[in-house]
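1. Requesting a structural model of the entry that follows:
(chains A and B)
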Amino acid sequence: MAVAALAAALRWKRPEASQARVVLSGGGTGGHVNPALAIAEGIKAREPQTKFLYIGVRNKAESVIVTKAGYDLRYVCSEGYPGLRPSFKTFRFLFKLCVGIVQSLVILTVFTPRWIVATGGYVSAPVIMAAVLLKKLRIARVKIFLHEQNSIPGQLNALMGRWVDKVLLTFPQTLSFFPNGAVVGYPIRHSIVPVGEEEARKRLSFAIPEGRLVVFAFGGSQGARTINRAIVDALPYLLEHRERLFIVHGSGLACSSGYNAAEDTLRRISKVLGEDSPGLLSQFYYRKDYFHNIAEIYSISSLIVCRSGAGSLNEISRIGKPVLLIPKANLPGDHQVMNARAMRNAGAAEILFEDTVMEEGGLLEYLDGRVLAEKILALLEDRPRLKEMAEKSRAFLRREAIERIVSEIFDDKRFADGNGRVAPFRDLVGNCRLLRMLGQAHAAFGRSFDPALVVDDGDDLAYYRHRAAGLLSQKGWQERNLGVKLIGLTRHSEKIPTLLQMLSDRTPASLARRMFGGDFEQVGFIRRNIVNALMVIDRFGPEVEKHLLDAMEDPYFEVRAQACRAVTHFGALLVGNVSCVQALVERLEDSCFEVVIEAARALGEIGTEPGAVRSLLSMNQAHYWQVRNAALQGIKRMIERGVLTPSDRLMADLSSFILTSTDFRPHFQIKETYSALRKCFEGGDAIDYCRPTAAGSHKVAGKAK
Amino acid sequence: MIYELCKFLAPYSVSFSFFRLVNYITFRAIMSALTSVIFIFLFSRRFILLVHRKCLLDQVRETGVASVFDKRGTPTMGGVLIIGAVLISMALWGDWRNPFLLCSVAGMLWFGLLGLWDDIAKVKQKSGDRGLSERTKLVLQGLFSLIFAWVCVGRCAPLGCALATKVCVPFYKFPIADIGPVLYGLFIFLFVVFVSNAVNITDGLDGLAITPSIFVVAVLGVFAYVEGNRIYSAYLHYAYLRGAGELMIFGAAFVGAGLGFLWYNAYPAQIFMGDTGSLAIGGTMAVMSVLLKQEFLFPLLGGLFIAEALSSQIQDKIGVKWIGRRIFYRAPLHHNLQHKGIAETKVVIRLWIVAGILALISLATIKLR
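-> Sure, this is the predicted structure:
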């Protein structure tokens, strides 16, 4: 072992090892590979003798792109991090990682690189770990650079960042994560250069009729199912404008068992447009798996629709085009959403969020084709806006990224500027924190509560709503429950039908749960919170009314009580509603006193006929004082509403109520005085009684603390 | 100290023969109870002021019942007083060579210090829900219970090896089974952890935890007297436990301290016992019942504590966390009663009555076997 290490260390000292050798790594998707290649191009331009070796994983994006670019490529074992929960996957991950590290050790020792440039992604994990190991054992004299493309660092970069020599960053905001970071921007390959539109059209392999606005939709090198399906779904709506539009669609290279981009897209087209789709789409729509000459496509486009990976954003910015972003949600650190926000805040982009739906027995991200089509058309209508967005888009990119990176690698300090720290992003808040914030605001403002004011940004609110909707179809009821609460508090009224469907869902819970008193898959808390969410959203309709009546018959008492509360809430719309009053009168016989209380109050709010009054009066000897109290409150409310006139008869009936109670409210005089005193402090300057005036001032000051 | 002094002096002179009185357990029990009451009366006001000055006040806790909100700012950590009073009184009147006494005092101190740590953590975090983590608490409680269980079934068990692993149930004269040291040790371990937490859960309303604890400890004291007395134990068919009588003195000191504490803790409370008190009381009761072989009587004797703990755990672990609905309106039991519209004072007194009845029934098992 020691001999091998010594031999390896000696290899690094060989004279020919001083020749520049660079190991590149990173991949999994084009977003990691392309920057690595761009950096390689930069180094080559400066030192043409440099030898390169690319280390990647078999059958991933790099195996196509790197070979085409003409670099040597070696494969190692690696796998994505499966998450904290121990399972079979964790073992496989660890095993593959160890094998990959050993492979990388061998490759590195044979190649003896001077620099290692990794661009993130799990592909580069074994390489970086092996390199850090060699370096810490003082075997290898190698400098390790990581490039982080996103505004929120990936797991690997966040973990390994502190062990490497330098972390090269795209966004200044990311500096807060890495003390050894340097902001350089995003390296873009030289093939991505603005081309004149005429020039680009000539070079295309397909013809675009004159005078058409080109919309280019793609989902990154691998393709994105949501975007592919959404753009196909949007075609029927866009077809109406076929004489002035042309759609270019890059559907992606993905061909795994889970999703085959090309096949799925073609199937979808024939499903949406029927048999004669080729005829309809000729001269209007062009699809290809992957555009190697993507710069030309960018150049001819008027609008680009894509994911908000850092790579795509920076390429688009280089060309300077307006873009409609559909960020992928629930990625680590929500980095695509963050990237999209950065570009939107720069004025260069618009954002659409996906929805989460159950389809084919599984969860799917889904974007309505109609929504997408409308958004595209609206953007294309507004020419000045498009132009402005294009300008802003061009200004978004940090220029000379490659030059900066090469300068960092050669350590020549050519760019001393540009590392100014920028305030980090205002973070997106987690679901629980969001729930707390919105809950407090709702408690404070009641019906005039507006989530947009709390969240303070329309797009963020849209994203939160999207995230909440995603929770609704989770497996654990706790997540669904959280989703329901958030749907309510973000006032996501489009999801009311889903909520109502969940409320009346009668799928039984597992046998074990039912033995302990559980009932349905949508557990009691979820149903209660759905009713509550309906109150918070504050939209009433016949469907809601029907489901509220059903909820009053729910087997779980809190749902019944909450349904009665909801009737009180929507009282003005339900006054005199016969079926509703009937249901409430039945609830007065409920076995649970909480329900009876709420029913009595609700009856006071919506009851009109004498029957309701009689049933309230009949509760004069109820066991629970709260029930009697609620009945009196109900009658009082009826008098206030003017449906009941005070009379001697009524007075006599009221005097038959039992007025003893088992509860009372203590009042502590000293606490009342104190709180009254505190009220005096609101506004206005306090007298500074601590000013040192006489002896003993010390004591007073001490107490004032 | 007084016990040792008197014992030392009594043989020397006829004029000191009066000091033989300390050989009578009943006398020492009464004296220790008086000592602890007087200790509490002497020091409570000062202690409350001290706690105020150090801002060791009760922090708000989310329980969903309105009256709790009025209570923030009440001084907490009253358990320190109780423990202090018992310790002083035992230092004066106790026989420190007695293994029963040592075990009980160790239990009280361990749980008391654990509770103290929790209380201080809560004050520092400014939240009633964020003291020590539940896991830390359980681990530390478990650690003591483990050592205690090992002592109880081990070679130097205070009960004697013959009786140590036998199971005795109420209303039956003879041990029903011998389940071996491992199973019995496991049972003791779980029992001690459960009971100490049960009192902690019960301690939610003014005076709710202390009075039932007084009942329980008093009954256990009577048992200690009977089982530690050769004649009575033979007459009532109990196994004679040599030295168990010392636990009666300990119990008496505890009852005295409890009464003194109730003086200040009665509604509306001027001081709470805090986790310091509740854990210490729980630990003491658990250790005492194990030492007196009355662990199977405890579900009856401390039925109130058991009901509180079970209702809270069932609501939380089965209801809220697993099947996703409330099983009781509110938990634990006393909050459920409050939610049904019974005033705090009424709830407390009703539960006292329940605890008293249970104590009486338990006392009857001395003869009813």
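2. Quick check, pLDDT for residue B:261.
-> At residue B:261, the pLDDT value in this model is 96.
3. Grab the most central residue of chain A for me.
-> The centre of chain A sits closest to residue A:329, judged by CA atoms, centre = their mean, with a distance of 4.1 Å.
4. List the contacts of it.
-> For residue A:329, the contacting residues are A:336, A:337, A:353, A:354, A:365, A:463, A:466, A:467, A:470, by CB atoms under 8 Å, 6 or more residues apart in numbering or on different chains. Quick note: C-beta positions are derived from backbone N, CA and C, even for glycine.
5. From the chain's centroid, how far away is the helix or strand containing residue B:43?
-> Secondary structure here is read from DSSP states H and E; on that basis residue B:43 sits in helix B:25-53. A distance of 17 Å separates the centroid of the chain from that of helix B:25-53, by CA atoms, centre = their mean, to the nearest Å.
6. just checking, what packs against it?
-> helix B:79-93, helix B:210-227, helix B:246-265 (3 or more CB pairs under 8 Å, 6 or more residues apart in numbering or on different chains; DSSP states H and E).
7. coming back round to it: quick check, the residue nearest to the centre of chain A in a helix?
-> No: counting by DSSP: H, G, I helix; E, B strand; the rest coil, residue A:329 is not part of a helix but coil.
8. which residues in chain B form strands?
-> Counting by DSSP state E, chain B forms strands over residues B:166-167, B:177-178, given from the N-terminal end onward.
9. can you list the ones you listed in TSV and add mean pLDDT and mean neighbour count?
-> Below are the strands of chain B laid out as TSV (pLDDT from 0 to 100; neighbours: other CB atoms under 10 Å in any protein chain shown):
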stretch	mean pLDDT	mean neighbour count
strand B:166-167	86	16
strand B:177-178	85	13
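10. right, so of these, which gets closest to chain A?
-> For these, proximity to chain A was assessed by CB to the nearest CB; strand B:166-167 is nearest, at 29.4 Å.
11. Direction included, what does that closest one pair up with?
-> Partners of strand B:166-167 in the sheet, by DSSP bridges, are strand B:177-178 (antiparallel).
12. residue ranges with poor pLDDT in the chain?
-> I went with chain A, as the question did not name one. Scanning chain A with the threshold set as pLDDT under 70 gives A:1, A:14-18, A:84, A:191, A:256-257, A:332-333, A:358-363, A:397-399, A:413-427, A:683-705.
13. other chain: chain B
-> Segments of chain B classed as low confidence (criterion: pLDDT under 70) are B:60-70, B:128-129.
14. Neighbours of the residue lying closest to residue B:251 once chain neighbours are set aside, how many?
-> With CB to CB, 6 or more residues apart in numbering or on different chains as the measure, residue B:221 is the residue that lies nearest to residue B:251, at 3.0 Å, once sequence neighbours are left out. Number of residues near residue B:221 (other CB atoms under 10 Å in any protein chain shown) recorded here: 24.
15. Equivalent analysis for the one 3 residues further on, please.
-> Residue B:224 sits with 30 neighbouring residues when counted by other CB under 10 Å.
16. now do residue A:435
-> Residues near residue A:435, counting by other CB under 10 Å, number 18.
17. Domain map for chain A?
-> A:2-183, A:197-396, A:431-539, A:671-704 (automatic domain parsing).
18. Alright, calling it a day.
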